[in-house]
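Participant: Okay, predicted coordinates and the sequence, questions at the end:
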Amino acid sequence: MVRTSWMRFLPALVVVAWAAPNLLGQDRAPRATYSSLIYWAPTSQLVAQEDILRDLKLTADQQESVRKAQAEYQQVIAANPLGNRQNSIEVLQKQQEAARKRDDAIRAALGDKAKRLDQIAAQSAGLAAFVTRVELRQQLRITDEQLAKGREILDAAYKEMSGAGPDRSQRAATAGARGAETRTVFVEKTTPKLLELLTDEQKKRWQDTVGEAVPAAILVKARTLGSFGTGTLPPQIASSRLYQEAQALEKSKDYPSAVKKMKEAIDLAPDNDLYRAYASHVERMAGSYGDGVEHALQAIKINEKKVGWYYASAAFNAHAKGDRELARVYCKKVIDFGAEIVGQENYDQAKKLLDELESKK
């Protein structure tokens, strides 16, 4: 089986390899519709909650430093709004850099208490987070077999909570949106079974991760943070957050959920070419080749600066879909851009694919 290698959308938006599509074998995880119930609250959200700040027992100076970091980030967001189709990539870069600076400043201000904040996030997400977070899997040294069994446990619990029948997907979405209460039930249902999968050493590592028990009221607050509706945030912030969540889901190989997040982001920022291009990428990984072609072509139409890897996305999705003529057209465009613009591996793969297409005329 040929494994596909795909470009990674890094903060600096550097393009790396796109491999020739493989219709028979995809490196994809099962559809993990339970991902909406596993929310690892980021530091910036946790410290915005007064109850959590009180639990941390921060000094006045620490609280002031946290507020300053948050305010400086919001100033950058306000000064660099998304929406201009010509500068969306540049704006995203500035926003992401501002987010990194904010998080670094907050953790520096918290000092040793940053660990407690991590423990709150871990306890609120529950042990189920090892299925969706690569870092936690590495920390706990989860095996492939444990990961597969963990997914089965989570999927079964999600289906039990969501009901059954032809409308289950709709009821499941409703269940996931119930927020803190639903997440609490999910953690209580799954944690005992997931613990049975762990070795004694792994259980010790998990206990070190979660630390001492967090007050129930704090856990409810943390679990509520991931329950926001996009209508409660300014569109540019909500769409940016959805984009970041999609990247995290892609990293854990939950491609269908990443696709869902990106479609929500596009609804909020319809003129953002980067969101459509990234949607094309994760749609390819999820096997939704038709949507992948459509979003890639839309991104190309929106951005008149002709971003090279958008064309690679169109080419490889088209080939995977079986549209040989469209794939041929866009492979030629990728080659015309040159390796310096699209990346050497994208360029090489486009040439290889075009040679294959031409030989089968």
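Facilitator: Good, I have the coordinates.

Participant: contacts, neighbours, all on C-alpha from now
Facilitator: Will do.

Participant: And residue 140, how close does it get to residue 117?
Facilitator: Residue 140 is 19 Å from residue 117, where distance means Cα to Cα, to the nearest Å.

Participant: Compare neighbour counts for the two and give me the winner.
Facilitator: Between residue 140 and residue 117, counted using other Cα atoms under 10 Å, the more crowded position is residue 117 (23 against 18).

Participant: Next, the contact list for the more buried one, please.
Facilitator: The neighbours of residue 117, taking Cα atoms under 8 Å, 6 or more residues apart in numbering as the test, are 43, 46, 56.

Participant: Just the closest of those to residue 219, please.
Facilitator: residue 46 (10.5 Å; Cα to Cα).

Participant: for the closest one, what are its contacts?
Facilitator: For residue 46, the contact set (Cα under 8 Å, 6+ apart) comprises 52, 117, 222.

Participant: Could you dump those residues into CSV and include distance to residue 144 and secondary structure?
Facilitator: Below are those laid out as CSV (distance: Cα to Cα, whole Å; DSSP: H, G, I helix; E, B strand; the rest coil):
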residue, distance to residue 144, secondary structure
52, 35, helix
117, 29, helix
222, 29, helix
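
Participant: and those as JSON lines, adding pLDDT and distance to residue 98?
Facilitator: Shown next, in JSON lines, are those (pLDDT from 0 to 100; distance: Cα to Cα, whole Å):
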{"residue": "52", "pLDDT": "87", "distance to residue 98": "23"}
{"residue": "117", "pLDDT": "93", "distance to residue 98": "21"}
{"residue": "222", "pLDDT": "86", "distance to residue 98": "23"}
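
Participant: Let me have those residues in JSON lines, adding distance to residue 357 as columns.
Facilitator: Shown next, in JSON lines, are those (distance: Cα to Cα, whole Å):
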{"residue": "52", "distance to residue 357": "58"}
{"residue": "117", "distance to residue 357": "54"}
{"residue": "222", "distance to residue 357": "52"}
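
Participant: In this protein, where's the longest helix?
Facilitator: Longest helix of the chain, by residue count under DSSP state H: helix 88-110.

Participant: Okay, buried residues for that helix please.
Facilitator: Using 16 or more other Cα atoms under 10 Å as the test for burial, helix 88-110 gives 88-89, 91-92, 94-99, 102-103, 105-107, 109-110.

Participant: What is the distance between it and the centre of its chain?
Facilitator: Distance of helix 88-110 from its chain centroid, counting by Cα atoms, centre = their mean, to the nearest Å, is 17 Å.

Participant: what are the C-alpha coordinates of that helix, in CSV please?
Facilitator: What follows is helix 88-110, C-alpha atoms only, in CSV (Å, rounded to 0.1, in the frame of the first residue of the first chain):
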residue,chain,number,x,y,z
SER,A,88,-5.7,36.6,4.2
ILE,A,89,-2.5,34.6,4.4
GLU,A,90,-0.5,37.5,5.8
VAL,A,91,-3.3,38.3,8.3
LEU,A,92,-3.4,34.7,9.5
GLN,A,93,0.3,34.7,10.0
LYS,A,94,0.1,37.9,12.1
GLN,A,95,-2.8,36.5,14.2
GLN,A,96,-1.0,33.2,14.8
GLU,A,97,2.2,34.9,15.8
ALA,A,98,0.2,37.1,18.2
ALA,A,99,-1.4,34.0,19.7
ARG,A,100,2.0,32.4,20.2
LYS,A,101,3.3,35.6,21.9
ARG,A,102,0.2,35.8,24.1
ASP,A,103,0.5,32.1,25.2
ASP,A,104,4.2,32.4,25.9
ALA,A,105,3.6,35.6,28.0
ILE,A,106,0.8,34.0,29.9
ARG,A,107,2.8,30.9,30.8
ALA,A,108,5.8,33.1,31.8
ALA,A,109,3.5,35.1,34.1
LEU,A,110,2.0,31.9,35.6
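
Participant: can you pull the contacts of residue 289?
Facilitator: By Cα under 8 Å, 6+ apart, the contact list for residue 289 reads 283, 317, 318, 320, 321.

Participant: can you check residue 242 too?
Facilitator: Residue 242 is in contact with 261, 262, 264, 265, counting by Cα under 8 Å, 6+ apart.

Participant: Below-threshold pLDDT in this structure: ranges please.
Facilitator: By pLDDT under 70, the weakly predicted segments of the chain are 1-33, 81-89, 163-178, 226-236, 304, 361.
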